[in-house]
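Engineer: whatever this is, show me its structure:
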Amino acid sequence: MEKVNKIDSKIMGFFKNKSLKTFLRYSLKYKMAMLGVIILSTVTSLMSAVPAWLSKYLIDDVLVAKNSKMMSIVIGAIFFSTILKVITNYFSDVYSGYITEKIRRDIKIDVFSHLQNLPLAYFKQNKLGDLMARLSGDSTT
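Structural biologist: Numbering: from 1, shown residues only. Model prediction:
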């Protein structure tokens, strides 16, 4: 059995749900990719707030002060932040889906390997359709 350090056992002990523990065990393989998704999602959220923040300058510096140079800067910044938000949101969704499918694949491989090692009597007692439904449906859940 693997030796687990105190910090890992405390973290895993914090979660009572067995499914969550299983998910965490599989997802730790992809922690750097998940960190990338978190960073992209954070940038997306920040870029959502930028147009509201820039509207203050649009009102104060452009409309009230009648500064036409500032209008180009503010509108350009709003356009740039919107484009950046769309791009980061797209890649966040793509990478998140990629990680999800990798984890799902790992679970299916482990379940299939487990099924390969079961005795023949197990397959006589259980229907093949039930086993296939569990293999495809439970990994998604």
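
Engineer: buried stuff in the strand or helix carrying K56?
Structural biologist: If you go by DSSP states H and E, K56 is part of helix 31-57. For helix 31-57, a neighbour-count test (16 or more other CB atoms under 10 Å) marks 34, 36-37, 40-41, 43-44, 47, 50-51, 54, 57 as buried. The C-beta positions use only the backbone N, C-alpha and C, and glycine is treated the same way.

Engineer: do stretch 18-32 as well
Structural biologist: 26-27, 30.

Engineer: for the protein, give me the ranges with low pLDDT.
Structural biologist: Applying pLDDT under 70 to the chain flags the ranges 1-16, 138-141.

Engineer: can you tell me the centre-most residue of it?
Structural biologist: Among the residues of the chain, the one closest to the centroid is S96, at 4.0 Å (CA atoms, centre = their mean).

Engineer: contacting residues for it?
Structural biologist: V37 (CB atoms under 8 Å, 6 or more residues apart in numbering).

Engineer: swap the cut-off to 10 Å and go again
Structural biologist: By CB atoms under 10 Å, 6 or more residues apart in numbering, S96 lies in contact with 33-34, 36-38, 40-41.

Engineer: dump those residues to CSV, plus distance to N117.
Structural biologist: Converted to CSV, those look like this (distance: CB to CB, whole Å):
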residue, distance to N117
A33, 30
M34, 30
G36, 35
V37, 34
I38, 37
L40, 40
S41, 39
